[in-house]
Each structure stands twice: as C-alpha cells, then as structure tokens.
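Asker: Turn this into a model:
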Amino acid sequence: MKMTKNEKKNMEQNIDQAKLNYMNKRSRKILFVLFLSIALVMTAVISITMGASSVDLQTVLQVIGDVFARNDAITDIQRDIVFKIRLPRIITAILVGMALSNAGLLMQGIFQNPLVSPYTLGVSNGAAFGASLAIIFGASFSFLNFGQFLIPVFAFGFAVLTMLMVYGVAKAASDSSSTLILAGVAIGYLFSALVSLVKYLSDVKDLPELVFWMMGSLSGVPMAGIIIMLVAITVTMILMMWFAWDLNIMSAGEETAISLGVDYKKIKMMSFGISTLLTAVAVAFTGVIGFIGLVAPHVTKMLIGNDFRYAVPGSALVGALLLLTADTIGRNIIAPTQLPVGIVTSMIGVPFFLYLIVRKRGK
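Answerer: Alright, predicted model coming up:
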C-alpha cells in the first residue's frame, strides 16, 4: 500500500522531530556530566582547604607550586597537611565513591531491583569478617608477610569469597535474581554473626581498631592502595562503556535481551564480577561505607536517565561527589574530632532508602 504525499511528509516530520528530541536529550545528558565534573573539582578544592588546621586556598596553591619552584615561605607542616593528609584522602574519597556507585548501578540494572546495592549481597559483612580476623588475630598471620596490607588483603579475600558463596548458592537453587539477593542477605547475616563471635573472643585492646574500621575511614590509605583502586576503576569503566548497549537492553528484562541477541548469562556474569571487584577493592582499603552504592545510582538516573553510556560516568561522578562531601562534613562538623565517613553516609542514605521503599510501595 503506497503512502500519500501528506502521509510521507508527516512521517518524515515525525522522524526529524524524533531525531531532534534525541539530540536534545543527548546534549542535556552530556551537559549534566560536564556539570558534575566541574562540581566535583570545585568540591575537591573546597575540601582541601577545610580542616582542623587552617590552610587556605592561597596556601594550597603555593604548596602545589612549591613542587615546581621552591618557596621558602611554605613550611614542612603545610606541605605535609596538603600532600600527605588531605590530598590522598580526597583522591581516596573520589575513587571509592566511583567504585561503590558504579557497583550499585550495575547491580540495580542487572537485577532490576532499585533496592539492591553491593552491601545487600553481603559483601560488607564478608569483608568485615576478613578484616576482623586480621585485626584481632593478626599476629598469628605474621608468616604471610603482608605487612600494612594484611587487613586489606583479608578484607578483599573474604569479600570475593562472599560473592562466590552467594553465586554458588543461587546457582544450586533456581539461578534467579531473587534467589541471588536472598542468598546474599542470608550469607551476610552469617558473616555478621561471625564478626560478633570474633569480637566476643578478642582482647579488649583490639576492639577499637575493629570498630573504627567497620565505621569506614578514608585516612591512612597507602599510595599503593590508591593506585590499585585507580587501575580497577579505570579498567571496569572501560568494560562498562564497551558493553553499554548490552547493559541497556538487559535492563529491559532477560527475555527481551535474549530475543535481541544479547548473551544474557555472559553479561550478567561480567557485571557480577565487576561489581564484586569494585566493592571488594573499595571496602578492603577504607572499611564499610554504606549507602553510596544505593543512593548515587538513583540520583544519577534522576538527572541523566537509564542509558548506561551516560549513566556510567554520571554515576561515578555522583558517587565521588557524595562521598567527598560526606567526608568533608565528617572532618569539619565537630573539628578537631573527625566523624567516620560511614556514619555520615548512613545519615544521608537511610532517609533516602526509606523514601525508595515508600515510593515503590505500589509496585
């Protein structure tokens, strides 16, 4: 059946309008990502000038310039505050925020559950158990020669072990997303009980370090740890961007993805592995920092939408911005005392989590 000239003209106008709408939406998404990048840089600049020790922006710039041309007006204390304390902490906050946020974005997209995050699947509890073993019984593992990396290695190892256990249980059952989540919750409770057992059996003098680790802290991360996180985030972001179209299709459901030729199991396993790696690397060096992996992906979707091509960099920036802001607040709200960043993120995340539950009550 041939179209009339008017019908053909209307169809061409509709196509042109659809293209225009797509380009406008694409431009807005790109602008949002640029805006988030600028906001993150500005927040980092503000954060580096705030703290118990007064180091203003001019001093920070002079300290940075001192690297290229010696400035005798700069003291060693000011150099240490900028380069050994604040700058590494800010970089750590940015990297950990990116890692946890993208891990949550992947899990929520693959499992199609807005309340899923890396910690829902028990990763934090598994890592906490590994860290508790290293902290309380560290002397018994001295033969391993891990030195200052003993706690991160144990935390990372048990985080990965937790995810393997969760996947194994789900595979032995129905291999469905709901089974995976339930297995994660159950195994998370198991490791939580084991952490309590370790606390009960431990010496009182070791408890403060364990409690502090479980509250989350961005201080004292070695340069090697920062490099490891940077490499892990860079590699995983490249993979996520490479498979962005597949991830978009998978968000529509398993049947739809398979019917459109996507290797659902392969992408699901890859996403599961990436989420595990990102969460394990972050938790290993900073302890338990909750709710970033839950909140940041939702904020990103509100601003940018569900398209992984833009949601991946957007989510990374939102997570970094949220965690850096939370850490800056924790460092300064009752200075010189510093609140563990895990407390601040929980205070932000819990109300948002409850909002999501209420919002989804009819779905």
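Asker: And for the closest residue to S251 other than its chain neighbours, the neighbour number?
Answerer: Residue nearest to S251 in three dimensions, not counting chain neighbours: G109, with 4.9 Å by C-beta to C-beta, 6 or more residues apart in numbering. (Glycine included, C-beta is placed from N, CA and C.) When neighbours are counted by other C-beta atoms under 10 Å, G109 registers 21.
Asker: tell me which element G109 falls in.
Answerer: helix 87-111 (DSSP states H and E).
Asker: Does anything pack onto that helix? Which helices or strands?
Answerer: Counting contacts by 3 or more C-beta pairs under 8 Å, 6 or more residues apart in numbering; DSSP states H and E, helix 87-111 packs against helix 5-48, helix 177-201, helix 223-242, helix 244-250, helix 264-286, helix 292-303, helix 308-332.
Asker: now the angle from it to helix 292-303?
Answerer: Calculated by axes from the mean of the first three to the mean of the last three C-alpha atoms, to 10 degrees, helix 87-111 forms an angle of 70 degrees with helix 292-303.
Asker: Pull out the buried positions in helix 87-111.
Answerer: 87-111 (16 or more other C-beta atoms under 10 Å).
Asker: for stretch 57-68, same thing?
Answerer: By neighbour count on 16+ other C-beta under 10 Å, the buried set for stretch 57-68 is 59-60, 62-63, 66.
Asker: nearest to Y167, of these?
Answerer: V60 (45.7 Å; C-beta to C-beta).
Asker: Could you measure from the closest one over to L239?
Answerer: Here the criterion is C-beta to C-beta, to the nearest Å. By it, V60 lies 35 Å from L239.
Asker: just checking, what packs against the host helix or strand of M165?
Answerer: Assigned by DSSP H and E, M165 belongs to helix 150-172. Secondary-structure packing of helix 150-172 (3+ C-beta pairs under 8 Å, 6+ apart): helix 123-136, helix 177-201, helix 264-286.
Asker: Tell me which of those is the most buried.
Answerer: Comparing the helices and strands packed on helix 150-172 by mean neighbour count (mean count of other C-beta atoms under 10 Å), helix 123-136 ranks first with a mean of 27.
Asker: same for that one, what does it pack against?
Answerer: Contact partners of helix 123-136 among helices and strands, from 3+ C-beta pairs under 8 Å, 6+ apart: helix 150-172, helix 177-201, helix 207-215, helix 264-286.
Asker: Tell me which of those helices approaches G126 most closely.
Answerer: Once the helices and strands packed on helix 123-136 are compared by C-beta to C-beta, helix 150-172 is nearest, at 2.9 Å.
Asker: what's in contact with that closest one?
Answerer: Here helix 150-172 makes contact (C-beta atoms under 8 Å, 6 or more residues apart in numbering) with 121-131, 133-135, 138, 141, 144, 146, 176, 179-180, 183-184, 186-188, 191, 213, 225, 272, 276, 279-281, 283-285, 287.
Asker: coming back round to it: mind putting the buried residues of stretch 57-68 in TSV, secondary structure and pLDDT included?
Answerer: Below are those laid out as TSV (DSSP: H, G, I helix; E, B strand; the rest coil; pLDDT from 0 to 100):
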residue	secondary structure	pLDDT
T59	helix	73
V60	helix	74
Q62	helix	72
V63	helix	73
D66	helix	69
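Asker: so which of those residues would you say is closest to P340?
Answerer: V60 (24.9 Å).
Asker: D203: neighbouring residues, count only.
Answerer: Residues lying near D203 (other C-beta under 10 Å) number 7.
Asker: Next, the contact list for the spatially most central residue of the chain, please.
Answerer: With distances taken as C-alpha atoms, centre = their mean, the residue of the chain nearest its centroid is L100 (1.1 Å). L100 makes contact with 118, 278-279, 282, 289, 292-293, 296, 319, 323, according to C-beta under 8 Å, 6+ apart.
Asker: which one of those has the most neighbours?
Answerer: The most neighbours of any of those, using other C-beta under 10 Å, belong to A282, which has 35 neighbours.
Asker: Kindly state the pLDDT recorded for that one?
Answerer: A282 is assigned 87 on the pLDDT scale.
Asker: Quick check: it vs P336, distance?
Answerer: 27 Å.
Asker: same thing with A99?
Answerer: From A99 over to P336 (counting by C-beta to C-beta), the distance is 29 Å.
Asker: Equivalent analysis for T234, please.
Answerer: 35 Å.
Asker: quick one: which of those two has more around it?
Answerer: Remark: of T234 and P336, T234 carries more neighbours, 12 against 9, as counted by other C-beta under 10 Å.
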